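Colleague: structural data only, the sequence is not supplied:
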């Protein structure tokens with residue numbers, strides 16, 4: 001890692017990402033969801049705060065902010081009615097739990113950021129970039145690999161990726177820090193290529209189509225050779241065989257999937 005440890009640390013947390021990890025770790029456990037004696041669901045509150053305490057102990061940040069998705073449809077929904085259309089409905093008992101979590105965080109005087117029409121990762125991207133430009137080390141806590149696109153060693157910006165066991169850990173385990181080298185090792189691409197990677201092979205969780213027939217390995221190979229989606233299409237005639245055909249047929253979906 002090339003982070004300058006003398007710089008103040010700004011810790012940014014992907015609120016919904018961590019909250020869902022907490023929910024599925026505890027509410028869907030064999031013993032059933034956590035509740036108070038009066039029946040109020042507490043799986044999200046317990047798992048989230050347990051993780052938050054552990055990561056604070058682990059990283060000792062000077063500043064913390066937590067971003068949550070807005071309730072309103074985002075600009076991506078307006079651009080594409082199919083965006084995240086296949087996602088399951090939010091579990092009924094998750095909603096009161098996350099609302100109580102947000103009240104708890106406010107009572108703890110922890111900064112919460114939301115913005116109508118934007119998802120948490122959009123907010124995190126903006127705040128992280130502004131923070132690194134202002135001279136902070138920035139670490140983003142999330143289970144969303146989309147945020148790997150923000151990783152920049154020169155700007156002291158990394159992602160603490162939430163592993164499945166993070167919300168149940170009592171010793172700070174369950175987090176993997178991703179700098180540029182770690183992203184390359186994990187995905188085979190640079191952070192700056194993450195958007196184009198998804199544009200090529202799609203993302204089922206967000207209902208992003210990508211190019212039909214182009215999988216992860218092919219996407220990595222194409223980006224390794226040409227660098228970007230734009231350069232892949234600038235050199236489309238040099239790409240041989242079935243991949244050229246797939247790319248030509250899927251060009252509209254690929255370019256639409258970038259956004």
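Modeller: That came in fine, so what should we check first? As the structure is a prediction and not an experimental result, all values here were calculated from the model.
Colleague: low-scoring stretches of the stretch 51-200 of the chain, by residue?
Modeller: 72-88, 169-172 (pLDDT under 70).
Colleague: can you list the domains in the chain?
Modeller: 9-187, 191-257 (automatic domain parsing).
Colleague: now the end-to-end length of the longest one.
Modeller: When the termini of domain 9-187 are compared using C-alpha to C-alpha, to the nearest Å, they are 26 Å apart.
Colleague: and it, how far from the chain's centre?
Modeller: 8 Å (C-alpha atoms, centre = their mean, to the nearest Å).
Colleague: and the helices in the stretch 51-200 of the chain?
Modeller: 75-79, 94-107, 120-133, 180-187, 194-201 (DSSP state H, counting those that start in this stretch).
Colleague: that older thread, TSV for the domains of the chain, including mean neighbour count?
Modeller: The C-beta positions use only the backbone N, C-alpha and C, and glycine is treated the same way. Shown next, in TSV, are these (neighbours: other C-beta atoms under 10 Å):
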stretch	mean neighbour count
domain 9-187	18
domain 191-257	17
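Colleague: for the residue lying closest to residue 223 once chain neighbours are set aside, give me its contacts.
Modeller: Counting by C-beta to C-beta, 6 or more residues apart in numbering, residue 223 lies nearest to residue 193, which is 4.9 Å off, once chain neighbours are set aside. By C-beta atoms under 8 Å, 6 or more residues apart in numbering, the residues touching residue 193 are 223, 227, 228.
Colleague: could these go into CSV alongside distance to residue 179?
Modeller: Shown next, in CSV, are these (distance: C-beta to C-beta, whole Å):
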residue, distance to residue 179
223, 19
227, 20
228, 21
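Colleague: residue 251 is nearest to which of the helices of the stretch 51-200 of the chain?
Modeller: The closest of these to residue 251 is helix 194-201. By C-beta to C-beta, the value is 10.4 Å.
Colleague: spatially central residue in the protein, please.
Modeller: Geometric centre of the chain, nearest residue: residue 144, 2.5 Å, by C-alpha atoms, centre = their mean.
Colleague: that one against residue 121, yeah?
Modeller: Yes - here residue 144 reaches residue 121: they are 5.9 Å apart, a contact under C-beta atoms under 8 Å.
Colleague: and for those two, which residues touch both?
Modeller: Both residue 144 and residue 121 are contacted by residue 14, under the criterion C-beta under 8 Å, 6+ apart.
Colleague: if I look at residue 115, how far off is residue 125?
Modeller: Shown here: residue 115 relative to residue 125, a distance of 12 Å by C-beta to C-beta, to the nearest Å.
Colleague: ok, residue 145 next?
Modeller: Taking C-beta to C-beta, one finds residue 145 at 14 Å from residue 125.
Colleague: and for residue 55?
Modeller: 20 Å.
Colleague: and for residue 181?
Modeller: Relative to residue 125, and taking C-beta to C-beta, residue 181 is found at 21 Å.
Colleague: just residue 113 next, same as before
Modeller: Taking C-beta to C-beta as the measure, residue 113 falls 12 Å from residue 125.
Colleague: what's the answer for residue 231, then?
Modeller: Using C-beta to C-beta, residue 231 is found at 24 Å from residue 125.
Colleague: same check on residue 47?
Modeller: With C-beta to C-beta as the criterion, residue 47 and residue 125 are 25 Å apart.
Colleague: what's the answer for residue 106, then?
Modeller: 23 Å.
Colleague: do residue 183 as well
Modeller: 15 Å.
Colleague: with residue 233 instead?
Modeller: 25 Å.
Colleague: next: residue 150.
Modeller: 6 Å.
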